[in-house]
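A.B. asks: Okay, here's the prediction I keep looking at, along with the sequence it came from:
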Amino acid sequence: TRLLGLKNGEYDFINDLMSDDRILVEKDNSLEIIDGEESGLIALVFNKKEGVFKSQDMRKAASLSFDREELMKSCYGDYGWSLHSEYMEKESSFWSGELEDPTYKRDLKTAVSLVANNYDGSEIKILTSNLSNLEKIAYAAESELQEAGFNVRVIVTDWAGMMEKRKDSSEWDIFISAFSKVPLPQMKSFISPTYPGWMERDSSAYQAFLLLDEEVTIEGAERRWEEVQKEMWEYIPSYVPGHYSTSYAKNKNLDGVIIQDGFYFWNAYIER
């Protein structure tokens, strides 16, 4: 509806341009595409309160079984995403780009070995919603986990159903969601012990995370975050395959739109 409205002149600007629609915009000489900054991340959040993924070895096994590119592509197609597992987006002052996630590259051999030595065969329940193609990530993850030897079932609900269901730790082992960009690492909800996933308060990763609040300067917090990020990758509260960015399309006669953490029309005008 948005794309047709843009093409027939009903709209001058649309947000959330889908990858499959890019070619239609590119072929229209009256339109153009604007690619925005990273807007947030996709996370496969592990249930650390009960079940298989209470074990750090099992979280590692699952992480090493995943193919980041396939997970992101299954949802977004060929555009609108980037591959990196840092919790903060590239435009953030907390972004490093030089840190190394030990589970970044898929290592199915190690995953299979960890599963063989530690897994009891319990069913793994992946919970997600049918919002914005998130269920496609769930089915891609299901296939990859099965390759490693996990017994997996995908549960897809609407968004409201997933929000309610994830409150019950007995209902899922992994839930998949998008998380919007935030200015500070402390605002990443899936790190909280009270948020579904229930990070363990006594873990070294969470204790290191708490030290961020003791920093009195942004520079000190940025340095501290580099160490915390490494701790998070070792602990693996969640698996981050990549980050998504928003694409927009507009009439070429529309100028002055500001794209920065969203879109703003304060100084926009149309040349006729």
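C.D. replies: Structure's in. What do you need? Numbers count the residues shown, from 1 in each chain.

A.B. asks: Paired strands for the helix or strand of the chain with the lowest mean pLDDT, with orientation please.
C.D. replies: For the chain, counting by mean pLDDT, DSSP states H and E, strand 258-259 ranks last in confidence among helices and strands (a mean of 86). Counting by DSSP bridges, the strands paired with strand 258-259 are strand 263-264 (antiparallel).

A.B. asks: per-residue confidence averaged over the helix or strand just after the partner strand?
C.D. replies: For strand 263-264, the following helix or strand on the C-terminal side (DSSP states H and E) is strand 269-270. Averaged across strand 269-270, the pLDDT comes to 92.

A.B. asks: So what's the residue count around residue 86?
C.D. replies: Residue 86 is flanked by 22 other residues according to other C-beta atoms under 10 Å. Where C-beta positions appear, they are placed from N, C-alpha and C, glycine not excepted.

A.B. asks: can I assume it is in contact with residue 229?
C.D. replies: Yes - Residue 86 is within contact range of residue 229, at 6.4 Å (criterion: C-beta atoms under 8 Å).

A.B. asks: which residues do those two both contact?
C.D. replies: Applying C-beta atoms under 8 Å, 6 or more residues apart in numbering, one finds that residue 86 and residue 229 are jointly contacted by 96, 99.

A.B. asks: Can you pull the phi/psi pair for residue 48?
C.D. replies: Dihedral angles phi and psi of residue 48 (degrees, to the nearest 10) take the values phi -100, psi 0.

A.B. asks: For it, give its distance to residue 114.
C.D. replies: In this structure, residue 48 and residue 114 are separated by 17 Å, where distance is defined by C-beta to C-beta, to the nearest Å.

A.B. asks: for residue 212, same thing?
C.D. replies: Using C-beta to C-beta, we find residue 212 at a distance of 30 Å from residue 114.

A.B. asks: Who has more neighbours out of these two?
C.D. replies: When residue 212 and residue 114 are compared for neighbours, residue 114 comes out ahead with 22 against 18, by other C-beta under 10 Å.

A.B. asks: list the contacts for the more buried one?
C.D. replies: Listed by C-beta under 8 Å, 6+ apart, the contact set of residue 114 reads 57, 58, 60, 61, 64.

A.B. asks: quick check: mean pLDDT across the host helix or strand of the last one?
C.D. replies: In this assignment (DSSP H and E), residue 64 forms part of helix 56-65. Helix 56-65 shows a mean pLDDT of 98.

A.B. asks: Contacts for that helix next, please.
C.D. replies: Under the contact criterion C-beta under 8 Å, 6+ apart, helix 56-65 has outside partners 44, 46, 48, 52-53, 103, 106-108, 110-111, 114-115, 118-119, 144-145, 147-148, 150, 174, 235-236, 239.
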